[in-house]
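Enquirer: okay, sequence plus prediction incoming.
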Amino acid sequence: MSTNYSKYNFDDIRPFNNDEVPDAIETLISLPGLKHAMYYIMPDLNWEQFIESLRMCKTKEMFKSLLSYNAVMEIAKKTTFSLTLSGRSRIPENQPSTFISNHRDIVLDAAFLNTLLHDVGLGMTQIAIGDNLLIHPWIKTIVRLNNCFIVKRDLAVRQLLKSSVQLSAYIHHTINDLKESLWIAQREGRAKDSNDRTQASVLKMLNLAGEHNNPLNNLMELHVVPITISYEYDPCDFLKAKEFQQKRDNPDFVKSKRDDLLNMETGILQDKGRVHFTIGLPINDRLALLKDENLDKNALITAIADIIDREIYRNYRFYPCNYVAYDLLHQSLRFRTNYDQRDKMHFENYLKKQIDLINDLPNKDESYIRTKILEMYSNPLQNHLNTIET
């Protein structure tokens, strides 16, 4: 199906076009911050050779495969025990897909996914990224070179609706006209308690610029494929727990840009253990079954979100820490056969170490923070159990 979105201007949210890449690279080289960031990831980097390699990139594909891929693989080597993918055969052939996943890491969820897709010979996706993360000009330039499109946050109501229609149109345009797959998280921001839920607002946004009166048909033409992301360890767990207490103690608390930057740096640079991505089954067949149920719009959106969530929950990969966390949280022995005493001691030591990293929080509530971290590691298991038992 060919669509016409010429009435929309995407210039302020789209990735760079290939003919803009050389100038964008010169801009990137001139901006402060890139050199510091690259040395952070690759301390032995030869800067002059790196600049020469940058200038050799004439397209986004060259930039991603030559530079971004190597940087992400370097991060994976240093901060993961393994990085793996399953379910690639479920990706429809010759059909661009909208990959919707749970969201663990601000930067690496999509970066790891693209690296894994590249390794198995599949194309890298376009990536949705919130403008709240574009803290420095060089970050905005590099993400647009990496085929990211921008999601505008924190707008007034009227501006938000206009922006949402523009974003929806761009996503439909990418799938139906550009014939490129894309990735978007199931919610705005990370699920800090790992209780992954597809936000109705995300699905409503995807529907806004569709050409059908029925949201079901609008979403079906995007060919949604859920992806489940499983990190053994979340380096930002203590930062998320700290934020839970800050919001509990002060309901008006809002993270600063410095907090966002710390979350980005911690997520990128610290240990994640085993990391696995599972491609789920495309959902169009299940969406088609909803046509006979005569649901109103809100009930339909809820039903679609449930289909996505259940596919994500079904495909989690679990590690000893998940089982230990569940039993510690519930003071049970339900999963005692899924770990041994060493696993339990290791996770309890890890838990203490993470809690100790919070050293700048007034009235630090260690019991509350411990509970929040245990919830982060046990909620995926609880949601999986709820799914397979119903």
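Expert: It's in. Numbers count the residues shown, from 1 in each chain.

Enquirer: for the worst-scoring helix or strand of the chain on mean pLDDT, packing partners?
Expert: Within the chain, confidence by mean pLDDT, DSSP states H and E is lowest for helix 34-41 among all helices and strands, at a mean of 84. Other elements packing on helix 34-41 under the criterion 3 or more CB pairs under 8 Å, 6 or more residues apart in numbering; DSSP states H and E are helix 47-56, helix 69-79, helix 137-145, helix 257-269. (Glycine included, C-beta is placed from N, CA and C.)

Enquirer: would you format the ones you listed as JSON lines with mean pLDDT, distance to Arg104 and mean neighbour count included?
Expert: Formatted as JSON lines, the helices and strands packed on helix 34-41 follow (pLDDT from 0 to 100; distance: least, CB to CB, whole Å; neighbours: other CB atoms under 10 Å):
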{"stretch": "helix 47-56", "mean pLDDT": "92", "distance to Arg104": "29", "mean neighbour count": "13"}
{"stretch": "helix 69-79", "mean pLDDT": "93", "distance to Arg104": "13", "mean neighbour count": "17"}
{"stretch": "helix 137-145", "mean pLDDT": "93", "distance to Arg104": "18", "mean neighbour count": "21"}
{"stretch": "helix 257-269", "mean pLDDT": "91", "distance to Arg104": "8", "mean neighbour count": "16"}
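
Enquirer: can you put those helices in JSON lines and add distance to Asn218?
Expert: Converted to JSON lines, the helices and strands packed on helix 34-41 look like this (distance: least, CB to CB, whole Å):
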{"stretch": "helix 47-56", "distance to Asn218": "40"}
{"stretch": "helix 69-79", "distance to Asn218": "33"}
{"stretch": "helix 137-145", "distance to Asn218": "27"}
{"stretch": "helix 257-269", "distance to Asn218": "32"}
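
Enquirer: over to Phe277: give its phi and psi.
Expert: With angles defined as degrees, to the nearest 10, Phe277 sits at phi -120, psi 130.

Enquirer: what residues are up against it?
Expert: Thr84, Leu85, Ser86, Ser101, Phe112, Leu113, Leu116, Ile227, Thr228, Ile229, Ser230 (CB atoms under 8 Å, 6 or more residues apart in numbering).

Enquirer: where's Lys152 relative to Lys352, distance?
Expert: According to CB to CB, to the nearest Å, Lys152 and Lys352 sit 40 Å apart.

Enquirer: quick one: the strands in the stretch 151-300 of the chain, in order.
Expert: Along the stretch 151-300 of the chain, the segments classed as strands by DSSP state E, counting those that start in this stretch run 182-185, 224-231, 273-279.

Enquirer: nearest to Glu48 among those strands would be which one?
Expert: Closest to Glu48 of the strands of the stretch 151-300 of the chain is strand 273-279 (CB to CB; 32.8 Å).
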